[in-house]
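>>> here is a sequence together with a model predicted from it:
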Amino acid sequence: MTRRNRWFISLCLVGISLIVLAVVFRFRDQYRMQGTWVGEGVVHRLRVEGDLAVLEHEGSSRPLRTYFRLDPVASPKRIVIWSADAPGLRPREFLGFAYGPPSPTGPNSEAYGTYEISGDRLKICVLVSSHDPTLFAAYDTYDFHRE
C-alpha cells in the first residue's frame, strides 16, 4: 500500500467519524427530551413521543398537540413548534418516502423559541411573533422537571 493510499484511507475514516459524531450530537437532545415532564408552579404535563409533544393543562378538556424540531447546534439552542392538529399538514418526503413529522403549512403557523435541557430539567421559551429567538427574557417561559 502506497503512502498516498494510506493518507486517503485515513482521511476517509476521519470524515466518516466526524459525520457519525455530528449525527449523534444532533439527535442527542431529541432523545433526552423523550418522556413525561411536569410543569413547575403551574399544573400542566408535557408528554414527548418522537417529534410529537402533547401539553395537558389542568382544567382544559383537550390537550395541545404540537410537532417540534430542535436545532441543538445553535447558540442558544432553538426549537420550532407547530400544531399537530392544523389543517393541511403535508407529509415530508424524500425520493417518494414519507419521513419525520408533517411540514408546517406556512411561516405564520410556526412558533420559534429556545430551550435548555440539563439532567431532569427542561426549560422552553417560546415567542410566536418573531423569527429571532435570542433571549429567554423576551418569551413565555415554561419550566419542567421529569416525572
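Perfect, thanks for sending it. Residues are numbered from 1 along each chain as shown.
>>> each with direction, which strands does the helix or strand I117 falls within pair with?
With elements taken from DSSP states H and E, the one containing I117 is strand 110-118. Looking at strand 110-118 with DSSP bridges, its partner strands are strand 78-83 (antiparallel), strand 121-127 (antiparallel).
>>> kindly export that strand (C-alpha atoms) in PDB.
Output for strand 110-118, consisting of C-alpha atoms alone and laid out as PDB, is shown next (Å, rounded to 0.1, in the frame of the first residue of the first chain):
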ATOM      1  CA  GLU A 110     -44.800  28.100  13.400                       C
ATOM      2  CA  ALA A 111     -43.700  29.300  16.800                       C
ATOM      3  CA  TYR A 112     -40.000  29.900  17.500                       C
ATOM      4  CA  GLY A 113     -38.100  29.700  20.700                       C
ATOM      5  CA  THR A 114     -35.100  28.400  22.700                       C
ATOM      6  CA  TYR A 115     -34.700  25.500  25.000                       C
ATOM      7  CA  GLU A 116     -32.300  24.200  27.700                       C
ATOM      8  CA  ILE A 117     -32.200  20.600  28.900                       C
ATOM      9  CA  SER A 118     -29.900  19.600  31.700                       C
END
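>>> go through that strand and flag the buried ones.
The neighbour-count criterion (16 or more other Cβ atoms under 10 Å) identifies 110-115, 117 as the buried residues of strand 110-118. Yep, even glycine has a C-beta here, placed from its N, CA and C like the rest.
>>> which among the residues you listed gets closest to L55?
Of all these, the one sitting nearest L55 is A111; the distance, using Cβ to Cβ, is 12.2 Å.
>>> right, and the helix or strand after the helix or strand encompassing I9?
For I9, the element it lies in under DSSP H and E is helix 3-32. The helix or strand immediately downstream of helix 3-32 is strand 35-39, counting by DSSP H and E.
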